[in-house]
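Chemist: Please find the sequence and the predicted model below.
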Amino acid sequence: MPDLVLWDIDHTLMATRGVGGELWAEAFEQVTGVPLREQASVTGSTERVILRETARLHGVDYDGELFTRFADALGAVHVRRAAELRERGHALPGAAAALAALAERGVRQSVVTGNVRSAAEVKVAVFGLDAYLLLDDGAYGEDGEERPELLRQALARAGVAAHDAVFLGDTPADVAGGRAAGVRVVAVATGKTSAADLRAAGTDGVLDSLADTARVLKAILA
């Protein structure tokens with residue numbers, strides 16, 4: 001039984017179905033004054049990296065102050081458009097049931113995500129997933145640029161050793177980050193990466209989805 005289960009959010013627990021990109025573009029234009037023409041690759045990345053690379057694509061100077069203003073703007077637009085996110089997005093099948101089943105067994109759960117915290121809080125709240133998560137034990141886009149850094153931050157906040165934690169994500173970057181941080185990784189093929197490619201990335205286990213709660217529990221609690 002792990003002491004802590006850490007979840008990625010986007011495409012692991014939920015999908016925004018395009019709303020997330022719209023909110024990102026709105027925040028980007030708000031803080032830079034430049035309409036978003038293209039966004040740097042987001043798969044498995046953090047908001048800090050995405051903003052830096054997207055700013056470069058638009059000829060915008062990047063620094064820590066820009067990121068802070070962007071994080072505030074992105075959180076605010078998520079709060080303002082939370083109802084739209086609820087209507088157009090959705091929790092992935094089985095996500096709530098998996099979180100509830102782990103909570104019933106007394107397993108602590110939190111998130112490790114490239115999202116800034118204020119946006120992450122809205123995302124899990126609008127689909128009722130926040131009730132199962134100790135968000136103060138998680139790590140967010142403000143906490144670093146790479147997954148290993150975020151995972152180590154979450155472990156430190158929770159006071160849990162790496163070998164007593166499990167991380168669930170949907171990208172090769174999640175798998176690599178978990179391995180680098182020394183946590184067991186269960187990959188979920190609910191994003192853009194196939195189960196075969198997640199296995200090739202070195203995950204400790206792979207699920208096609210979270211829909212079968214018994215299989216999810218077996219993979220996590222093994």
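Modeler: Here it is on my side, so go on.
Chemist: Buried ones in stretch 160-171, by neighbour count?
Modeler: 160, 165-171 (16 or more other C-beta atoms under 10 Å). Using the backbone N, CA and C atoms, a C-beta is placed for each residue, glycine as well.
Chemist: Tabulate those residues (TSV), appending pLDDT, distance to residue 10 and secondary structure.
Modeler: Listed next are these as TSV, based on pLDDT from 0 to 100; distance: C-beta to C-beta, whole Å; DSSP: H, G, I helix; E, B strand; the rest coil:
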residue	pLDDT	distance to residue 10	secondary structure
160	98	23	coil
165	98	20	strand
166	98	19	strand
167	98	14	strand
168	98	12	strand
169	97	10	strand
170	97	8	coil
171	95	9	coil
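Chemist: Dump these to CSV, plus distance to residue 137.
Modeler: Formatted as CSV, these follow (distance: C-beta to C-beta, whole Å):
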residue, distance to residue 137
160, 8
165, 10
166, 14
167, 13
168, 15
169, 17
170, 21
171, 22
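Chemist: Could you chop this structure up by domain?
Modeler: As given by automatic domain parsing, the domain ranges for the chain are 4-15+90-221, 19-86.
Chemist: right, so those domains: which one is the most enclosed?
Modeler: Most buried of the domains of the chain, by mean neighbour count (mean count of other C-beta atoms under 10 Å): domain 4-15+90-221, with a mean of 20.
Chemist: distance between the ends of that domain?
Modeler: Chord length of domain 4-15+90-221, first to last residue, is 11 Å (C-alpha to C-alpha, to the nearest Å).
Chemist: now stretch 106-118
Modeler: 26 Å.
Chemist: what mean pLDDT does it have?
Modeler: The pLDDT scores in stretch 106-118 average 97.
Chemist: how far is it from where the chain is centred?
Modeler: 7 Å (C-alpha atoms, centre = their mean, to the nearest Å).
Chemist: What are the boundaries of the strands in this structure?
Modeler: 4-7, 14-15, 90-91, 108-111, 165-169, 184-188, 205-207 (DSSP state E).
Chemist: In CSV, list the ones you listed along with distance to residue 76.
Modeler: Compiled in CSV, the strands of the chain are given as follows (distance: least, C-beta to C-beta, whole Å):
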stretch, distance to residue 76
strand 4-7, 24
strand 14-15, 20
strand 90-91, 23
strand 108-111, 20
strand 165-169, 27
strand 184-188, 30
strand 205-207, 34
